[in-house]
Every structure is written in C-alpha cells, then in structure tokens.
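Asker: Turn this into a model:
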Amino acid sequence: MESKILFLDLDGTLLNDRKELTDGNRTAMESAVARGHRLVIASGRPLKSVMAQAAHLGLDGPGCYAIAYNGAVIYDFTNGRQIFRRTMSPEDLYAVFDEANRRGVYIQTYDREDVVIEAHNDPEIAKRYCDRIQLAYRVIRDVRRDLSEMPVKALAIDINGQERTGALREWVRERMAGHLDSYFSDRYFLEIVPAGVNKGQGIEKLCELLNVPLKNSVAAGDEANDVDMIRTAGIGAAMSNAIPELKAVADYVTERDNNHDGVAEIIARFLP
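Answerer: Sure thing, here's the model as predicted:
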C-alpha cells in the first residue's frame with residue numbers, strides 16, 4: 001500500500017460548526033497516521049493560530065504538517081521549523097493598503113505572526129477576527145514605518161457583505177496582476193496574497209519537498225479559497241456543505257457534512 005498525504009481545510013471541513021473536532025474524524029485521522037499516511041492542515045489562518053489548533057487537535061506530531069496563510073507558509077511539525085515562506089513586497093503591500101484606505105475598507109496584515117491594524121481602522125473588527133482564531137491584535141501607526149518584517153498576506157474584511165471588498169478584489173485583479181492575487185475565504189474575508197500563492201501551490205510545494213507523487217495527495221475543503229487545492233490534489237473532495245463553485249471542480253463530494261464526520265468518510269474511501 002502506498003502512503004498518501006491528506007490536506008484538510010479547518011473551518012467548515014475538519015472542524016464542525018462549533019469549531020470542534022468530532023470523535024469520528026479524530027479516530028479516523030489517528031488510524032490514518034498509524035497506517036503511515038501524512039496529515040496536513042491547510043488554512044488561511046496565520047501560522048500561530050494553525051499551530052495552536054494543531055496542538056489542540058493532536059495533529060502536531062510526526063507525519064503532520066501545516067500550510068498557513070493560504071499557502072504562503074509551510075511548517076514541519078516533525079522538525080519544528082518552517083520549510084517554506086513567501087512574503088509580499090513592500091511596494092505591493094503599501095499599494096493595497098493605500099487603495100483599501102482610499103475606499104474605506106478595513107484591512108489588516110501580520111508582523112511576526114501578530115495581527116496588526118493601522119490606528120484608523122475599526123478595532124472591533126480586529127477583535128471579532130482575533131476572537132475567532134484565538135489570537136491578539138496590535139495597533140500600529142503605519143505599515144510603512146512600523147512593521148519589523150514584510151508580511152505574507154493582507155486581509156480585507158467587510159462584515160456587511162462583499163460590495164466593497166468585491167470592488168477591491170477587482171482592483172487587485174486589474175491593477176496588481178502579476179504581483180498580487182485575491183480570493184474570498186468566506187463571505188466576509190478577502191485574502192490578498194503574493195501572485196501564485198494559494199493552497200494548491202502549497203500542495204505542490206510540500207509534495208515536492210517530501211518527494212511524494214502528486215497523485216498520492218488527497219485534499220478536502222468547503223470554500224472558495226480551497227478551489228486551487230481541490231483542483232491540484234490527486235483526489236479533490238468537497239464537503240457536502242461546500243459552496244457550489246467547489247463542488248463543481250471536485251472529484252468527490254461527501255455524503256456527510258462537517259458536522260457529521262465528513263473527513264472520516266474521505267479517509268475511509270481514499271486512505272485505506
């Protein structure tokens with residue numbers, strides 16, 4: 001039996017709606033690792049949040065990896081180190097912050113794994129986001145002066161929908177093509193990343209680093225930022241609760257959703 005590598009989105013896929021790991025999914029994953037398969041959490045969340053979740057879920061041991069920031073960072077739990085990291089250029093970061101500020105769109109970024117916002121942004125939005133991923137945030141004056149290193153992504157948020165963030169996304173596509181990409185990770189979050197960074201690229205890079213044939217990869221997700229991952233993997237599975245766009249490109253759609261051991265269903269079918 002060839003070992004497989006399983007890439008799992010967190011919210012809406014591995015975790016149920018209460019942000020918990022079901023007993024069925026836990027048992028299935030533990031059994032998969034015992035049989036020699038590898039497990040990867042693939043998330044848009046910051047690395048610090050993904051690592052905390054992995055530790056809480058018991059997915060931070062040998063054979064476990066993390067893809068964070070939608071593919072911009074890959075972490076190896078076996079050796080306790082980052083094995084891939086791609087950052088934004090200063091010019092691209094400043095340009096997208098200037099445009100978001102001009103449009104009145106809330107935007108944040110990251111500095112040494114901390115969430116940071118400029119002082120004029122709404123701290124209540126930062127608080128809501130950080131409560132969700134169990135991190136703190138920090139207020140700075142200006143991204144041009146107050147970052148200690150270049151970040152891997154920016155995140156625009158509109159809690160009222162996608163009208164303004166959708167317009168910002170179109171600006172990124174038209175004015176920053178070849179420099180930045182953007183896509184929604186849920187209804188409210190617009191991910192802005194270096195061009196070519198996505199979970200699909202993360203799969204390709206980790207498989208290359210581990211010398212695992214791409215055909216031996218399986219991925220599961222539910223949202224728009226999972227599309228490239230589902231297309232790239234040898235087997236791409238969409239959760240039954242996934243958006244129609246993802247189901248349309250998937251090789252398999254689960255019968256069970258994220259609240260009823262959908263990941264266990266995928267493991268039973270594709271990681272024997």
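
Asker: Quickly list what Val115 is bridged to.
Answerer: Per DSSP bridges, the residues bridged to Val115 are Tyr110, Tyr137.

Asker: Please tell me I have it right and it contacts Gln108.
Answerer: Yes: applying CB atoms under 8 Å, one finds Val115 in contact with Gln108, separated by 5.8 Å. (Glycine included, C-beta is placed from N, CA and C.)

Asker: Now do the shared contacts for these two.
Answerer: Ala126, Tyr129, Tyr137 (CB atoms under 8 Å, 6 or more residues apart in numbering).

Asker: In three-state terms, label Arg128 for me.
Answerer: Following DSSP: H, G, I helix; E, B strand; the rest coil, we place Arg128 in the helix state.

Asker: Now for Lys205, how many residues are close by?
Answerer: 16 (other CB atoms under 10 Å).

Asker: One more: Leu246?
Answerer: For Leu246, using other CB under 10 Å, the count is 24.

Asker: Nearest residue to Asp257 in space, ignoring adjacent ones along the chain?
Answerer: The shortest distance from Asp257 to any non-neighbouring residue, by CB to CB, 6 or more residues apart in numbering, is to Asn241 (4.1 Å).

Asker: pretty sure that neighbour is in contact with Asn258, am I right?
Answerer: Yes: between Asn241 and Asn258 there is a contact at 5.6 Å, judged by CB under 8 Å.

Asker: Would you map the helices across the stretch 151-272 of the chain?
Answerer: 163-175, 199-210, 227-232, 244-249, 262-270 (DSSP state H, counting those that start in this stretch).

Asker: Out of the ones you listed, flag the one nearest Gln53.
Answerer: The closest of the helices of the stretch 151-272 of the chain to Gln53 is helix 262-270. By CB to CB, the value is 14.2 Å.

Asker: so what does that closest one touch, helix or strand wise?
Answerer: Helix 262-270 sits against strand 5-8, helix 23-34, strand 217-221, strand 235-238, strand 252-253, with contacts defined as 3 or more CB pairs under 8 Å, 6 or more residues apart in numbering; DSSP states H and E.

Asker: before we move on, the earlier item: name the residues contacting each of Asn241 and Asn258.
Answerer: Gly12, Asp222.

Asker: Looking at these two, which is more packed in?
Answerer: Asn258 (25 against 18).

Asker: if I look at that one, how far off is Ile267?
Answerer: 14 Å (CB to CB, to the nearest Å).
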